[in-house]
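**Q** quick one: sequence plus predicted model below, questions after.
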Amino acid sequence: MDDRRPTRRALLAAGASTALAALAAVAGCGRGSAPAAVGATGTAGTSTSAATSAAVVTTTAKPPATWAVAVAAGERSLLASYDAVAKAHPSLKAALAPLRTAHAAHVKALKVKGAGKVLAGLPAGQAEALSRLAAAEQKASDTTGAVCLTCPTEAAALLGSIAAANASNVLVLQSMGAK
Amino acid sequence: MTTPVASAETIKALQLAVTAEHAAIYGYSAGGGHLSVSRRPVAVSYFVAHSSARDALNAALRGRGGKAPAALRGYTVPVLATGVAAATFLATLDDATAAAYAGILGTTADPALRRLAVAGLTASATRATSWRIAAGVTPAVRPFPGIAGTPG
């Protein structure tokens, strides 16, 4: 019995390999369905002029999946808001950097184009701004966790991981003084 | 009424998660006592959470005709000379359960299992983060808990 004892390393590898495959599948899927990715779609961009290829892409490309749009909007908003807080409070920039990095990675993985909107009513005070970010992280975690219940199987690990990352960010913000 | 259907892949993923929870439960028992006194109540509450999660996974497995894996008699625990070392070790246990829950998500559309796995993944990731914060490990967060950047 003891010789088939699983190591933590083996468990991690098993979990990570499945989930990484899912991540790759989602990334590939998102690339084809992003409407703004005119130059990036090999079929449209190479053989025709820019003007006609743009028309081809906008009429034939499928819109991004609903699950990706909903999650990406929250992630882009968080990304823009971290930038705004770091700009207003340069002393927080280093501590916030890993959280910002996470959102940038989430946005990239979701492959949905668009600009991020800074959170409405982001307070000027440092502690208040951190609390506002924490509330937004929790909300994003809840939203993403809910979307994860019904999204396609190939996207479920990615969305679950994003929900977990957002919830983890809340703890860091609290350790910095967020309420 | 009806028994929920689960693929062999899903059953296997659930069993891996139970195995990870067994290791976490053992590790919390063995490592928790090495934490600084002020952190022990948190470790106890996390231990209880891991035990409940294991029970929920076992119930989900049995409900789908799967066999619940038994715990081993012992698991390897590193030498934990300091509270910081203990907190860092507990973080690795939660990183491992996070990965196991992410592994379930990629196999099933069953909403009950998705719910269980998202909750398990989120709870594991936040516990791992709290231990890294306690241990002063930076960064305390990972962009994709359970998927990439887990220590191996």
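**A** Cool, the structure landed. The structure displayed is predicted, hence computed values, not measured ones.

**Q** residues in contact with residue 93?
**A** In the absence of a named chain, this looks at chain A. Contact analysis of A:Lys93 by Cβ atoms under 8 Å, 6 or more residues apart in numbering or on different chains lists A:Ala86. Where you see a C-beta, it was placed from the backbone N, CA and C, and this is true even at glycine.

**Q** the chain in question should be chain B.
**A** By Cβ under 8 Å, 6+ apart, B:Leu93 lies in contact with A:8, B:23-24, B:27-28, B:31.

**Q** please report the distance of it from A:Val71.
**A** According to Cβ to Cβ, to the nearest Å, B:Leu93 stands 28 Å off from A:Val71.

**Q** before we move on, what about B:Ala8?
**A** Taking Cβ to Cβ as the measure, B:Ala8 falls 30 Å from A:Val71.

**Q** could you do B:Leu80 as well?
**A** From B:Leu80 over to A:Val71 (counting by Cβ to Cβ), the distance is 38 Å.

**Q** next: B:Arg127.
**A** Distance from B:Arg127 to A:Val71, by Cβ to Cβ: 23 Å.

**Q** quick check on the residue nearest to B:Thr122 when sequence neighbours are not counted: phi, psi?
**A** Excluding the flanking residues, the one nearest B:Thr122 by Cβ to Cβ, 6 or more residues apart in numbering or on different chains is A:Ala164, at 4.4 Å. Note on A:Ala164: backbone dihedrals following degrees, to the nearest 10 are phi -70, psi -40.

**Q** isn't B:Val137 right next to B:Thr88, touching?
**A** Yes - with contact defined as Cβ atoms under 8 Å, B:Val137 counts as touching B:Thr88 (6.3 Å).

**Q** neighbour-wise, which of the two wins?
**A** The neighbour comparison of B:Val137 against B:Thr88 (other Cβ atoms under 10 Å in any protein chain shown) goes to B:Thr88, with 20 against 15.

**Q** beyond the strand or helix carrying the more buried one, next helix or strand please.
**A** If you go by DSSP states H and E, B:Thr88 is part of helix B:83-105. Using DSSP H and E, the helix or strand that directly follows helix B:83-105 along the chain is helix B:111-135.

**Q** so who does the residue most central in space within chain B touch?
**A** In chain B, the centroid-proximal residue (Cα atoms, centre = their mean) is B:Thr97; its distance is 2.7 Å. With contacts defined as Cβ under 8 Å, 6+ apart, the neighbours of B:Thr97 are B:17, B:20-21, B:24, B:50, B:53, B:120, B:124.

**Q** quick check: chain neighbours aside, which residue is closest to B:Thr138?
**A** Using Cβ to Cβ, 6+ apart, the closest residue to B:Thr138 is A:Pro98 (7.3 Å).

**Q** for the one you found, which three-state class applies?
**A** helix (DSSP: H, G, I helix; E, B strand; the rest coil).

**Q** can you count the residues close to it?
**A** A:Pro98 is flanked by 16 other residues according to other Cβ under 10 Å.

**Q** test my guess that it contacts B:Ile133.
**A** No - counting by Cβ under 8 Å, A:Pro98 sits too far from B:Ile133 to count as a contact (11.6 Å).

**Q** now list whatever residues contact both of these two.
**A** The contact lists of A:Pro98 and B:Ile133 share A:172, B:140, where a contact means Cβ under 8 Å, 6+ apart.

**Q** tell me the pLDDT of the closest residue in space to B:Asp110 that isn't next to it in sequence.
**A** Nearest non-adjacent residue to B:Asp110, counting by Cβ to Cβ, 6+ apart: B:Pro4, 6.2 Å away. pLDDT for B:Pro4: 77.

**Q** repeat that for A:Pro63.
**A** For A:Pro63, the model assigns a pLDDT of 77.

**Q** residues near it, how many?
**A** Neighbours of A:Pro63 using other Cβ under 10 Å come to 11.

**Q** and the one 4 residues further on, by the same measure?
**A** The burial count assigned to A:Trp67 is 20, neighbours taken as other Cβ under 10 Å.

**Q** how about it, what does it touch?
**A** A:147, A:150-152, A:155, A:159.

**Q** ok, it to A:Asn169 distance?
**A** In terms of Cβ to Cβ, A:Trp67 sits 21 Å off from A:Asn169.
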